[in-house]
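Participant: can you look at this prediction? I've put the sequence above it.
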Amino acid sequence: MTLLATSCPTWETVGVYVGTALVGQINLAATTTQWQVLFTMAPFSFRTGTVTVKVASSGRLVAIHGVAISPV
């Protein structure tokens, strides 16, 4: 799974869930703002369910532009 997102010095880690299972985390923090960065997750076991991206800390902003999923 790959997220297309903006990274920024004040942004946090997001958790990626399939159904209720946490399948990975992505740190969106960077020293400078970078637009439309691809963050590729490590492979995980096949699952079915709704994909949800949740910010790890309440009250923080993130910008997710897209999600790509590959069955490979």
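Facilitator: That came through fine.

Participant: how about low-confidence regions in the protein?
Facilitator: For the chain, the stretches with pLDDT under 70 are 72.

Participant: all strands of it, in order?
Facilitator: 2-7, 13-18, 21-27, 34-40, 51-55, 63-68 (DSSP state E).

Participant: include mean neighbour count when you put the ones you listed into JSON lines, please.
Facilitator: For glycine as for every other residue, the C-beta is placed from the backbone atoms N, C-alpha and C. Formatted as JSON lines, those follow (neighbours: other Cβ atoms under 10 Å):
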{"stretch": "strand 2-7", "mean neighbour count": "18"}
{"stretch": "strand 13-18", "mean neighbour count": "18"}
{"stretch": "strand 21-27", "mean neighbour count": "15"}
{"stretch": "strand 34-40", "mean neighbour count": "13"}
{"stretch": "strand 51-55", "mean neighbour count": "14"}
{"stretch": "strand 63-68", "mean neighbour count": "12"}
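
Participant: who is the closest residue to Leu22 other than its chain neighbours paired with across the strands?
Facilitator: Among residues not flanking Leu22 along the chain, Gly15 sits closest, at 5.4 Å (Cβ to Cβ, 6 or more residues apart in numbering). Gly15 has the following beta-bridge partners by DSSP bridges: Gln25, Lys54.
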